[in-house]
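# Next come a sequence and a model predicted from it.
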Amino acid sequence: MRTPDDFLPRYREAAKRLGLDSVDPAPKTIQGWFYEGRKPQRAFRPIIVEMFGYSIDDLWSEVPEDGKPNCVPLTSASPTDFHTDAGVDLNEMKRTGAMAVRRAKEFLLGKDRETVGEDTLGLLDDEVQRLVAAYPREPLSVIWDDLLETQDQVFRLLEGGRVRPSQLRDLNVKGAVLSFLVAKGFNDMEIPLQAMTMTRVAAACARDAEHTGLIALTDGLKSLIAYWADKPEDAYHYAGKGAATAENMRGTVGLWLLGLQARAAAVLGDEEGVRVANQTAADRREQVVHDDLDQLGGLFTYAPEKQRYYAVEAETLLGHGNARLIAQAEEAVHGFSDPTSPNWAFGDLAGAQCDLALVRLFSGDVDGASAAIRPVLDLPASHRNNGIIVSAWRVRQALMGGPARSSLAARDLRAEIEAYPTSRPALPRG
């Protein structure tokens, strides 16, 4: 039978990954958690979540009568099993296998020395599809190296002069898509200048490909970067510019730009601008015909769930918090409740949960706000990108005002959010 000392090394490894080495429990404390069922104090919870890959609520829930827990592991969950001997061999096999695949890709990319072959383009197609699908679902540290490498491969082909005219547009589209993701990565790491520079690279590739949708998307990304950098005037300008480009398009890129426009207008206090942008987007949703960007998926489509989340966020930025908006915010969270859904994204879920916390706070419900933001505060540190941290701090700011600001629950929640960014490691890792 395992003792508390058996759990301690694994706990300390998780604490080290989070930069929380000083939060070290006594054996009696571990005894209380794992053998007596006492729920851990909040200071220990992020480490235990990192340790096992499940939320605190899931870990400390009743086991159903059939003995099969009904809970879903967090996206980055890959907790190490205690049977380490078998795991080490498997991990080594995966490592050497990955090296072999990397070498084979280099061989294929260098094989077509005179012209770019169809196998090379197919290889890049597979990588682009994989990275687009993974970006909203995985922590940036997991895909960053592959993303940069694939972008470099596309750039080398474009620079090498081996591309046939029929292949040139396709490669420029890939360059735009990959540069868009790299730019978003810089934004998630809170490096807006490099994010904006990479967005301009994406825009140049989009123009060379003469792809109107991608051109509009790059203006949307400029708006997004400005929004999270607290430059609402710039965010509104870029969103409007992109919306004008996409005005006659039937895909969802135009709807995303209207959503960006509504959020920027809300920060500027323009209630009429928010209403018009959101209503226009709602009307146009009925006429959507999915295009090649929607088929690509990931960040390149604007699903109804995301549209609902953006609309709620614009209302929360205006300080609204009535019963109708609370219901809409709950619906937005529910829209991202299934991690197996193709439109699921951990960042959108966290943003919707922070918005729900805000609208509950605006109606005076501190306990409801705490429950809404709890899954965000329990996220593994690898998932805490810039947008999630800014969203959480908006909740902290709202806790500073209102009649509930002096309550013990409000003070505890405020203190926990204040510590939230400091426990995030540099991204990406490795």
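Looks like it came in fine.
# For the rest of this, base every contact and every neighbour count on C-alpha atoms.
Noted.
# List the buried residues for stretch 204-218?
204-209, 211, 213-218 (16 or more other Cα atoms under 10 Å).
# Inside helices: which ones of these?
Among the buried residues of stretch 204-218, the ones falling in helices (DSSP state H) are 204-208, 213-218.
# any idea how far residue 183 lies from residue 263?
As judged by Cα to Cα, to the nearest Å, residue 183 and residue 263 stand 20 Å apart.
# higher neighbour count, these two?
It is residue 263, of residue 183 and residue 263, that has more neighbours when counted by other Cα atoms under 10 Å, with 32 against 28.
# Determine which residue lies closest to the centroid of this protein.
Taking Cα atoms, centre = their mean, the centroid of the chain lies closest to residue 347, which sits 3.2 Å from it.
# what's the nearest residue to that residue if we skip its chain neighbours?
Spatially, and ignoring its direct neighbours in sequence, residue 347 is nearest to residue 388 (6.5 Å; Cα to Cα, 6 or more residues apart in numbering).
# repeat for residue 246
Here the residue nearest residue 246, using Cα to Cα, 6+ apart, is residue 254, at 5.1 Å.
# Distance of that neighbour relative to residue 377?
Taken as Cα to Cα, the span from residue 254 to residue 377 is 33 Å.
# If you count surrounding residues, which of those two has more?
Higher neighbour count among residue 254 and residue 377: residue 254, with 28 against 25, using other Cα under 10 Å.
# elements contacting the helix or strand containing residue 181?
Residue 181 is part of helix 165-188, with elements assigned from DSSP states H and E. The elements that helix 165-188 packs onto, with contact taken as 3 or more Cα pairs under 8 Å, 6 or more residues apart in numbering; DSSP states H and E, are helix 118-134, helix 140-159, helix 192-208, helix 212-228, helix 386-399.
# re earlier: specify the local secondary structure of the residue nearest to residue 246.
Here residue 254 is recorded as helix under DSSP: H, G, I helix; E, B strand; the rest coil.
# got a list of what it touches?
216, 242-243, 246-247 (Cα atoms under 8 Å, 6 or more residues apart in numbering).
# ok, now residue 348?
Here residue 348 is in contact with 306, 309, 336 (criterion: Cα under 8 Å, 6+ apart).
# excluding its backbone neighbours, what's nearest the second one?
Ranked by Cα to Cα, 6+ apart and with sequence neighbours excluded, the top spatial neighbour of residue 309 is residue 332, at 5.2 Å.
# Next: the first one.
In space, not counting the residues next to it along the chain, residue 306 is nearest to residue 348; the distance is 7.1 Å by Cα to Cα, 6+ apart.
# In terms of helices and strands, where is that neighbour?
Per DSSP H and E: helix 346-362 holds residue 348.
# the helices in the stretch 201-350 of the chain, which residues?
Counting by DSSP state H, counting those that start in this stretch, residue ranges of the helices within the stretch 201-350 of the chain are 212-228, 232-245, 253-267, 271-285, 292-296, 304-317, 323-335, 346-362.
# could the ones you listed be laid out in a markdown table, adding mean pLDDT and distance to residue 45?
Converted to a markdown table, the helices of the stretch 201-350 of the chain look like this (pLDDT from 0 to 100; distance: least, Cα to Cα, whole Å):
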| stretch | mean pLDDT | distance to residue 45 |
| --- | --- | --- |
| helix 212-228 | 97 | 28 |
| helix 232-245 | 97 | 35 |
| helix 253-267 | 98 | 33 |
| helix 271-285 | 96 | 38 |
| helix 292-296 | 96 | 37 |
| helix 304-317 | 96 | 28 |
| helix 323-335 | 96 | 22 |
| helix 346-362 | 96 | 18 |
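# how many neighbours does residue 269 have?
15.
# Surely it and residue 318 touch.
Yes: applying Cα atoms under 8 Å as the test, residue 269 and residue 318 come out as touching, 6.4 Å apart.
# What strand or helix carries residue 57?
helix 56-59.
# brain fart, residue 48
helix 45-52.
# Tell me how far that helix lies from the chain's centre.
19 Å (Cα atoms, centre = their mean, to the nearest Å).
# Tell me which of the helices of the stretch 201-350 of the chain sits nearest to residue 31.
Nearest to residue 31 among those is helix 346-362 (32.0 Å), distances taken as Cα to Cα.
# That closest one versus helix 386-399: what angle between them?
Taking axes from the mean of the first three to the mean of the last three Cα atoms, to 10 degrees, one finds helix 346-362 and helix 386-399 inclined to each other by 10 degrees.
# tell me the angle the very next helix or strand once past helix 346-362 makes with helix 45-52.
Tracing the chain past helix 346-362, the next element assigned as helix or strand by DSSP H and E is helix 366-377. Calculated by the same axes, to 10 degrees, helix 366-377 forms an angle of 40 degrees with helix 45-52.
# Residues contacting helix 366-377, please?
46, 55, 350, 353-354, 356-361, 388, 392, 404, 409-410, 413, 417, 420.
# Show me just the buried residues among the residues you listed.
46, 55, 350, 353-354, 356-361, 388, 392, 404, 410, 413, 417, 420.
# and the helix holding residue 57, which residues are buried?
56, 59.
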